[in-house]
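K.L.:
kindly generate the corresponding structure for this input.
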Amino acid sequence: MKFWQKVFLSVLVVFVIALNVGMFTVMHFTYKEQLNSVKQRAMGEAYFLSNSISKDFTNLEATSTLTRAKKGNIYDSYAAYYEGQNVFLELWSGKSLIGGDSERSIESREELDLEENVQNIIIRKIGEEQYLFLACSLKEPYENHTLVTIYPLKELERTRNQLIQIVVSVDIIITIILSGILYIIIRKLMQPLNHLSDATAEIAKGNYNQKISIQSEDEFGSLAMEFNRMSEKVGETIHLLKEESDKKQQLIDNMAHELRTPLTSISGYADYMRIAALSEEERIRALEYIIDETKRLEKLSKTLLLIADVREHELTKTSVPTKQLKYYVQNLFRKSITEKKIQFRCICEIETIEANEALLQLLLANLIENAIRACEEEGIITVTFCSQETPYIVIEDNGIGMEAEEIDKISEPFYRVDRARSRKNGGVGLGITLCQQIVCLHQGIIQYESEVNKGTRVIVSF
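P.N.:
Numbering: from 1, shown residues only. The predicted structure is shown next:
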């Protein structure tokens, strides 16, 4: 059973029960009030009749002997009058009936057991009808006589039955109308839940761009806002995970490609040395190829381990003097710069940079090494340590440069702008990836500006 159906049935049942309890309670009290009205009327008439009959007995006794027959005559005159009003009378002398005939269908007459100045009222069912019996004593000196007034409750019962029929009919009509109204209201109120359910089903299918438009300020509106926020967050997370998965797959593919080339060379030269009859010079040349490719594999594995180490590295920053960094890169690349006759300039406009010294040295080493590879002989490389609100480093060269579309790809593992040049100079295509990791660890930004045959400018902001 669906939630809206449970709500519908629960509310309907509660309302119907409450309606029936209320209506039948009102009907019960209405019947009680009508019955009390009959009782009050009976008590008033019984009081009047007992006084009147007592006076008639007294008047008759004053002129003649009060016999049972004469008492019967007085009773008959009153009984005939009230019978026309559908009220029946009985006159008792002790346990002996003077007038009336209702006793033939009644087994016990407990209402006749009167106490002084007390009226007994009994409601008794005779056949299919109910009657109200009210017994009271006559006035002194005739207190041993009892007058019983009998009121049929047929009209009252008929009224109650009609009221029950009306209540049941109204109850059915109201229940039907309420069911329709309640169905419409609950379906309307539950529409946001249906939208949420549909949107959740779409997300389960992989459609993470689902949005719910619920323009309300109630709980459903808040839930829709949170759902949209969640959907957006899930979509972003899935997108990032997909990108990360694609990058990992690309890394695996590139790594497999990078490993295949040196391994193929090593395997080929090893078979060549095993099968062919080589001179000493040829054997040494083949071994040099094997050693070179082995060194490439060693450099590749070290760089990969270094990237992994940088990701797990716990960053400890210190104030690193820029002059110290200047001397480090000058000494590190002195040989390369001299061999290619490159003009290398290092400008220190600030004194220190807050960073991890070892990682900062590694960052500069990779960026300057790339600049040296990009430059032809007698090229120019400039390294500037400066500050504008935040400190940053600029590495500029006048080398071969890059196409605009290549700038977005250079941070990908194993990507090379010029593969032939990179292989020749021993590059493995992971330097920029390592630099990117170092900058991210420092919560910085690395930017590239480049033009083909004009050079490249790298800006690292901390």
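K.L.:
which strands and helices sit next to the helix or strand containing E236?
P.N.:
According to DSSP states H and E, E236 maps onto helix 219-275. Applying 3 or more C-beta pairs under 8 Å, 6 or more residues apart in numbering; DSSP states H and E, one finds that helix 219-275 makes contact with helix 191-204, helix 280-312. In this view, the C-beta of every residue, glycine as well, is placed from N, C-alpha and C.
K.L.:
so can I have a markdown table of those showing mean neighbour count and mean pLDDT?
P.N.:
Output for the helices and strands packed on helix 219-275, formatted as a markdown table (neighbours: other C-beta atoms under 10 Å; pLDDT from 0 to 100):
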| stretch | mean neighbour count | mean pLDDT |
| --- | --- | --- |
| helix 191-204 | 14 | 74 |
| helix 280-312 | 14 | 73 |
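K.L.:
among those, which comes closest to I459?
P.N.:
Comparison of the helices and strands packed on helix 219-275 against I459 by C-beta to C-beta identifies helix 280-312 as nearest, at 20.3 Å.
K.L.:
now the element after the closest one, going C-ward?
P.N.:
Next element after helix 280-312 (DSSP H and E): strand 318-321.
K.L.:
re the thing from before, can you redo the helices and strands packed on helix 219-275 as CSV with distance to Y75?
P.N.:
Output for the helices and strands packed on helix 219-275, formatted as CSV (distance: least, C-beta to C-beta, whole Å):
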stretch, distance to Y75
helix 191-204, 78
helix 280-312, 119
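K.L.:
closest one to S265 among these?
P.N.:
helix 280-312 (4.7 Å).
K.L.:
relative to L240, how far out is F88?
P.N.:
97 Å (C-beta to C-beta, to the nearest Å).
K.L.:
and L156, by the same measure?
P.N.:
For L156, the distance to L240 - C-beta to C-beta - is 82 Å.
K.L.:
which strands and helices sit next to the helix or strand encompassing A62?
P.N.:
Here A62, judged by DSSP H and E, is contained in helix 3-63. Under the contact definition 3+ C-beta pairs under 8 Å, 6+ apart, helix 3-63 sits against helix 68-83, strand 120-126, strand 129-137, strand 145-152, helix 154-189.
K.L.:
what pLDDT is listed against G379?
P.N.:
What the model reports as pLDDT for G379 is 91.
K.L.:
what's the span of stretch 444-457 from first residue to last?
P.N.:
Start and end residues of stretch 444-457 are separated by 17 Å (C-alpha to C-alpha, to the nearest Å).
K.L.:
name the residues that touch it?
P.N.:
371, 374, 394-404, 406-407, 410, 435-436, 439, 458-462 (C-beta atoms under 8 Å, 6 or more residues apart in numbering).
K.L.:
inside strands: which ones of those residues?
P.N.:
394-397, 458-461 (DSSP state E).
K.L.:
which one of these sits closest to G22?
P.N.:
The closest of these to G22 turns out to be S461 (C-beta to C-beta; 76.1 Å).
K.L.:
now do the contacts for the closest one.
P.N.:
390-392, 444-447.
K.L.:
which of the helices and strands packed on helix 3-63 sits closest to K335?
P.N.:
So among the helices and strands packed on helix 3-63, helix 154-189 is nearest, using C-beta to C-beta, at 79.4 Å.
K.L.:
quick check: buried residues in that closest one?
P.N.:
By 16 or more other C-beta atoms under 10 Å, the buried positions in helix 154-189 come out as 156, 160, 163, 167, 175, 182, 186.
K.L.:
state the mean pLDDT of stretch 59-72.
P.N.:
Confidence for stretch 59-72, expressed as mean pLDDT, is 84.
K.L.:
now do the same end-to-end measure for that stretch.
P.N.:
Per C-alpha to C-alpha, stretch 59-72 runs 15 Å from first to last residue.
K.L.:
give me the contacts around that stretch.
P.N.:
Applying C-beta under 8 Å, 6+ apart, the external contacts of stretch 59-72 come out as 57, 74, 91, 93, 98-99, 145.
K.L.:
out of the residues you listed, which comes closest to N366?
P.N.:
The closest of the contacts of stretch 59-72, once distances to N366 are taken by C-beta to C-beta, is L91, at 129.9 Å.
K.L.:
three-state assignment of the closest one?
P.N.:
strand (DSSP: H, G, I helix; E, B strand; the rest coil).
K.L.:
wait, it sits on G100?
P.N.:
Yes. Taking contacts as C-beta atoms under 8 Å, L91 lies within contact range of G100: 6.5 Å.
K.L.:
any chance of the contacts of stretch 59-72 in a markdown table, with distance to K340 and neighbour count too?
P.N.:
Listed next are the contacts of stretch 59-72 as a markdown table, based on distance: C-beta to C-beta, whole Å; neighbours: other C-beta atoms under 10 Å:
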| residue | distance to K340 | neighbour count |
| --- | --- | --- |
| F57 | 153 | 19 |
| I74 | 152 | 19 |
| L91 | 146 | 23 |
| S93 | 150 | 14 |
| I98 | 150 | 19 |
| G99 | 148 | 19 |
| H145 | 148 | 21 |
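K.L.:
point out where the stretch 101-250 of the chain drops to low pLDDT.
P.N.:
The model of the stretch 101-250 of the chain has pLDDT under 70 over residues 101-108, 114-117, 208, 210, 212-217, 219-220, 247, 249-250.
K.L.:
looking at the helices and strands packed on helix 3-63, which is closest to E226?
P.N.:
Nearest of the helices and strands packed on helix 3-63 (C-beta to C-beta): helix 154-189, 18.7 Å.
K.L.:
elements contacting the closest one?
P.N.:
helix 3-63, strand 129-137.
K.L.:
which one of those is the most hemmed in?
P.N.:
strand 129-137 (a mean of 20; mean count of other C-beta atoms under 10 Å).
K.L.:
so what's the nearest residue to I121 once chain neighbours are set aside up against?
P.N.:
Spatial nearest neighbour of I121, chain neighbours left out: L134 (5.1 Å); criterion: C-beta to C-beta, 6 or more residues apart in numbering. L134 makes contact with 39, 42-43, 46, 111, 119-121, 148-151, according to C-beta under 8 Å, 6+ apart.
K.L.:
which one of the helices and strands packed on helix 219-275 lies nearest to D218?
P.N.:
helix 191-204 (9.0 Å).
K.L.:
on that earlier part again, got the helices and strands packed on helix 3-63 as CSV, with distance to F8 columns?
P.N.:
Converted to CSV, the helices and strands packed on helix 3-63 look like this (distance: least, C-beta to C-beta, whole Å):
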stretch, distance to F8
helix 68-83, 58
strand 120-126, 44
strand 129-137, 42
strand 145-152, 47
helix 154-189, 5
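K.L.:
what about the ones you listed, which gets the closest to L278?
P.N.:
Closest among these, using C-beta to C-beta: helix 154-189, at 89.0 Å.
K.L.:
that closest one: how far from the chain's middle?
P.N.:
The chain centroid and the centroid of helix 154-189 are separated by 38 Å under C-alpha atoms, centre = their mean, to the nearest Å.
K.L.:
relative to helix 191-204, how tilted is that helix?
P.N.:
With axes from the mean of the first three to the mean of the last three C-alpha atoms, to 10 degrees applied, the angle from helix 154-189 to helix 191-204 works out at 40 degrees.
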